[in-house]
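Novice: predicted structure and sequence below. I'll ask about it afterward.
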2 protein chains.
Amino acid sequence: MEDFSLKVIAHIQNDFTEKFGIPRQSGLANAVVSRIVFEPEFRNDDALRGIADFSHLWLIWQFSRAIREDWSPTVRPPRLGGNTRLGVFATRSPFRPNPLGLSSVRLLGTEKTEKGTVLLVAGADLMDGTPIFDIKPYIPYCDCHNDAAGGFTDTAGDFLLQVDFPEALLTKLPQEKQAGLLEILSHDPRPSYQNDPERVYGLAYGIWDIRFTVKDNTLQVQEVTER
Amino acid sequence: MEDFSLKVIAHIQNDFTEKFGIPRQSGLANAVVSRIVFEPEFRNDDALRGIADFSHLWLIWQFSRAIREDWSPTVRPPRLGGNTRLGVFATRSPFRPNPLGLSSVRLLGTEKTEKGTVLLVAGADLMDGTPIFDIKPYIPYCDCHNDAAGGFTDTAGDFLLQVDFPEALLTKLPQEKQAGLLEILSHDPRPSYQNDPERVYGLAYGIWDIRFTVKDNTLQVQEVTER
């Protein structure tokens, strides 16, 4: 069996300018809007005919920062604290034999631009610039399994943090960016296995650097600067 | 941006020995059991550690019979009768820029074999021998969208046929194969745009050839032969 080569059809554009802070799965930060910009070869409005009738899309994409020559059979999911090893096929870890990501996003609409028609989506967990290989409609009758058992993901729930973001700092961002950032902070962007109340963490979001501490269940924003 | 090459990690084995008769989406023929056999390089039980805690898996696979050099922006979904053109990204058609398939299947269990540990799954819509690139757990909290709108797939529902399968013909198959075949026949394996009550259709299922007619909403099995 031959290897098989994929074409990049599009890239995503959003404010996730670094890996740190990207939601751990799709759908967690629904106030964050991403733009899907097609490569010149695939800028064709006919290819999108009917897509607006779907509320959600699947993206198949490349974990472009996670490409390794060899693969490891086990990984340590952050949700389990980083100490428990699970088989790579029992996780959505980027470090897999083929570094393909799979995310469902909400389709907000389309926009005509000088780079062709762009898709606007919410809830993506892809870093800015990530290459996309395929876009498919989400088909509820075969994709939604209400009875599914989610293994460790059922119990290792996301604890939401209280976010204390002083008004004077929050308003350094334009209003349309604020809700997304608040959502990301509430999902606790620290590495799961870190819990040092003294430490000041940094998060890049768009053109901003956010500095914060976390004590008990409250995230306290300390500083917002523009890069 | 460079093209990107994938490794085949496994192949599927089942009774869908030809394209005709394969369910149009995953989850429609749940009585059909498929086996996922890993390639030698990926036969490693550690890579499956924890997978049994999930009830469903995603398969990312190759539409290996649908590889074309160029792509067409529009396709004609069989569910719409084969006459309506939709954008390829608004369908799950195999004829897409990258011929990647995406299917959720139910994980039934594992089996130790001389080809390593094999995954047993139900509901696959992959033809026998299809190469698989990735296996991921289905994570209900981010993959299941109860509120999703499914475009044309919401209304172009599958009509189930009555199946008249004479006992003397049905028992030519071993008992464990019968329910799967009945399910496939009830989903109307004819091309959507054909409706000729006189025509005798043929369907290959495992080592058997099934011949049938369809009149009104009843499928009448005429003959079962072993190849």
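Specialist: Done, it's in. Remember, it's a predicted structure, so these values are computed and weren't measured experimentally. Numbers count the residues shown, from 1 in each chain, chains lettered A, B, ... in the order given.

Novice: contacts and neighbour counts: CA atoms only from here.
Specialist: Noted.

Novice: how much space is there between the residue nearest to A:S64 when sequence neighbours are not counted and A:S34?
Specialist: Spatial nearest neighbour of A:S64, excluding adjacent residues (Cα to Cα, 6 or more residues apart in numbering or on different chains): A:T130 at 6.5 Å. As judged by Cα to Cα, to the nearest Å, A:T130 and A:S34 stand 11 Å apart.

Novice: could you point out which residue ranges in chain A have low pLDDT?
Specialist: Applying pLDDT under 70 to chain A flags residues A:1-3, A:66-67, A:156-158, A:192-193.

Novice: list the contacts of the longest strand that it contains.
Specialist: The longest strand of chain A (DSSP state E) is strand A:100-113. Identification of contacts with strand A:100-113 by Cα atoms under 8 Å, 6 or more residues apart in numbering or on different chains yields A:25-27, A:52, A:54-63, A:92, A:94, A:117-125, A:138, B:134, B:142-143.

Novice: grab the most central residue of chain A for me.
Specialist: A:D125 (0.9 Å; Cα atoms, centre = their mean).

Novice: that one contacts A:I22, doesn't it?
Specialist: Yes - counting by Cα atoms under 8 Å, A:D125 touches A:I22, with 5.9 Å between them.

Novice: in space, what's closest to A:P97 - neighbours in sequence excluded?
Specialist: A:W71 (5.4 Å).

Novice: doesn't A:S93 make contact with that neighbour?
Specialist: No - A:W71 is beyond contact range of A:S93, at 11.5 Å (criterion: Cα under 8 Å).

Novice: ok, now which ones touch the closest residue to A:H11 other than its chain neighbours?
Specialist: Excluding the flanking residues, the one nearest A:H11 by Cα to Cα, 6+ apart is A:P131, at 4.6 Å. Residues in contact with A:P131 (Cα under 8 Å, 6+ apart) are A:V8, A:I9, A:A10, A:H11, A:I12, A:W61, A:Q62, A:S64.

Novice: measure A:L59 to B:S103 for me?
Specialist: Relative to B:S103, and taking Cα to Cα, A:L59 is found at 13 Å.

Novice: who does A:R106 form a beta bridge with?
Specialist: Using DSSP bridges, the beta-bridge partners of A:R106 come out as A:H56, A:A122.

Novice: could you pick out the buried ones from the contacts of A:P131?
Specialist: A:V8, A:I9, A:A10, A:H11, A:I12, A:W61, A:Q62, A:S64 (16 or more other Cα atoms under 10 Å in any protein chain shown).

Novice: which residues does the fifth one bridge with?
Specialist: Looking back up the chat, that one is A:I12. Beta bridges link A:I12 to A:I36 when assigned by DSSP bridges.

Novice: pretty sure it is touching A:L126, no?
Specialist: Yes - with contact taken as Cα under 8 Å, A:I12 and A:L126 are classed as touching, separated by 7.4 Å.

Novice: returning to what we had before: now for the buried ones among the contacts of A:P131, which pair is the farthest apart?
Specialist: A:I9 and A:S64 (14.3 Å; Cα to Cα).

Novice: since that was my last question, I'll sign off now.
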